[in-house]
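Build me a structure from this.
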Amino acid sequence: MEMTMQLLARQASACLVESRPAVLGVVLLRFLATALPGPALNPVLSPGVAVAAAGWICATMSIYIFNGIADRKEDIANASTRPIASGRLPVRTARTAVVASAVISMLCALQGGTAAVVLSFAYLMLGFAYSGPPFPLKQTYYTCTGAGAGLGLATYAAGLLANSQHPGIGPTIVAGTMTLWMGCVGSIAKEFSDVDGDRAAGRCTWPMVLGDMGAKALLTAIAGAIAVGLTVASALCAPQLIWCALTVILGAIGVTVTSREAVPGRPRKVRRRPYHAFMVTQIATHLVLLAIIL
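Sure thing, here's the model as predicted:
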């Protein structure tokens, strides 16, 4: 019995690692950005919002474990140490986790009504379509970008459904900005470390279409444009967002600088730095927003 419990604990831990805790954290921050009504009403997380958030995290876990199964070939080619690619999490166990977490997410969505159920189902289907047959959205740069933006937007919408009050202009502006950041910046930044595996899998990513330098130039331009856009929106509509704007400006500089180091032949951890800068910017911006609205 003790050995069985230890095995289950190891497999549960491997599922969590495969789901990428940093991603789960930023998904929760996105959800809370539109789910929390603010201090003027009641900053305490209600039971309904807590259940909805837990369900959304389970849906995200299901999507990312499914992604790990579908990406096993590319991850092995890229020398990934993720649990599925390294063999620490058996594929059969991972499939069970995909189904279980998806079912839990839908059960949690039931308490939010029909709209929440439909949105959760659509989120799962879009996430599965990103990696799964017949045409994985990750295969081309344009469908990958669209899927990334769609998943981010769905999370903000889920938070809005869980909240009986409108989040206000500030969270709405940040939600729009970070949706663009996720879809446009993230879809480029994450590709520099995985070119070999992507090529082996027949994918068509931004670095393959534009070349290494072209993709980096586009990354710099888009990140800068998003930072400028948030700064202008802050000045015109929500001055309290200036700290969020400054955070995104620093993030745009970060992804630009780190992308210059992410050249072919460098260690994978170096080529992964633009993605890390992209993620840190998301997390920091949402934390700043929550500090402002609460």
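
Just list what the least confident helix or strand in the chain by mean pLDDT packs against, helices and strands only.
Here the helix or strand of the chain ranked lowest by mean pLDDT, DSSP states H and E is helix 195-200, holding a mean of 75. With contacts taken as 3 or more CB pairs under 8 Å, 6 or more residues apart in numbering; DSSP states H and E, helix 195-200 sits against helix 72-77, helix 206-237. Backbone N, C-alpha and C define where each C-beta goes, glycine included.

switch the cut-off to 6 Å
Applying 3 or more CB pairs under 6 Å, 6 or more residues apart in numbering; DSSP states H and E, we find helix 195-200 packed against helix 72-77.

Quick check: mean pLDDT of the helix it packs on?
The average pLDDT within helix 72-77 is 79.

just to revisit the earlier point, ok, and what's touching the least confident helix or strand of the chain?
Glu74, Ala77, Asn78, Thr205, Pro207 (CB atoms under 6 Å, 6 or more residues apart in numbering).

my read: the first one touches Thr205, true?
No. Between Glu74 and Thr205 no contact is recorded; they are 11.0 Å apart, counting by CB atoms under 6 Å.

if I pick the residue nearest to Gly113 when sequence neighbours are not counted, what's in contact with it?
Nearest residue to Gly113 in three dimensions, chain neighbours excluded: Leu161, at 7.9 Å (CB to CB, 6 or more residues apart in numbering). Leu161 is in contact with Gly112, Ala115, Ala116, counting by CB under 6 Å, 6+ apart.

Tell me the gap between whichever strand or helix holds Leu161 and the middle of its chain.
Per DSSP states H and E, Leu161 falls inside helix 141-162. Relative to its parent chain, helix 141-162 has a centroid offset of 9 Å by CA atoms, centre = their mean, to the nearest Å.

Alpha carbons only: can I get it in CSV?
These are the backbone C-alpha positions of helix 141-162, laid out as CSV (Å, rounded to 0.1, in the frame of the first residue of the first chain):
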residue,chain,number,x,y,z
TYR,A,141,2.8,30.0,-37.4
TYR,A,142,-0.6,31.7,-38.1
THR,A,143,-2.8,29.0,-36.5
CYS,A,144,-0.4,28.8,-33.6
THR,A,145,-0.6,32.6,-33.0
GLY,A,146,-4.4,32.5,-33.3
ALA,A,147,-4.8,29.6,-30.9
GLY,A,148,-2.5,31.3,-28.3
ALA,A,149,-4.6,34.4,-28.4
GLY,A,150,-7.8,32.5,-28.3
LEU,A,151,-6.8,30.5,-25.2
GLY,A,152,-5.7,33.7,-23.4
LEU,A,153,-8.9,35.5,-24.3
ALA,A,154,-11.0,32.5,-23.1
THR,A,155,-9.4,32.6,-19.7
TYR,A,156,-10.3,36.3,-19.2
ALA,A,157,-13.8,35.5,-20.4
ALA,A,158,-14.1,32.7,-17.8
GLY,A,159,-13.0,35.1,-15.1
LEU,A,160,-15.6,37.6,-16.2
LEU,A,161,-18.4,34.9,-16.2
ALA,A,162,-17.4,34.0,-12.6
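
Can you name the next helix or strand after that helix?
Next in sequence after helix 141-162, counting helices and strands by DSSP H and E, comes helix 169-180.

who does the following helix or strand past that following helix touch, helix- and strand-wise?
Using DSSP H and E, the helix or strand that directly follows helix 169-180 along the chain is helix 186-189. Other elements packing on helix 186-189 under the criterion 3+ CB pairs under 6 Å, 6+ apart are helix 141-162, helix 206-237, helix 273-293.

Now do the buried residues in whichever helix or strand comes after the longest one.
The one in question is helix 206-237. Counting by DSSP H and E, the next helix or strand C-terminal to helix 206-237 is helix 242-261. For helix 242-261, burial by neighbour count (16 or more other CB atoms under 10 Å) applies to 244-249, 251-256, 258-259.

sorry, back to before: would you mind measuring from the residue nearest to Gly113 to Ala109?
Distance from Leu161 to Ala109, counting by CB to CB, to the nearest Å: 9 Å.

so what sits against both of those two?
Shared contacts of Leu161 and Ala109 (CB under 6 Å, 6+ apart): Ala116.

Between helix 273-293 and the helix holding Leu161, find me the angle.
Counting by axes from the mean of the first three to the mean of the last three CA atoms, to 10 degrees, helix 141-162 lies at 20 degrees to helix 273-293.

per-residue confidence averaged over helix 141-162?
According to the model, helix 141-162 has a mean pLDDT of 95.
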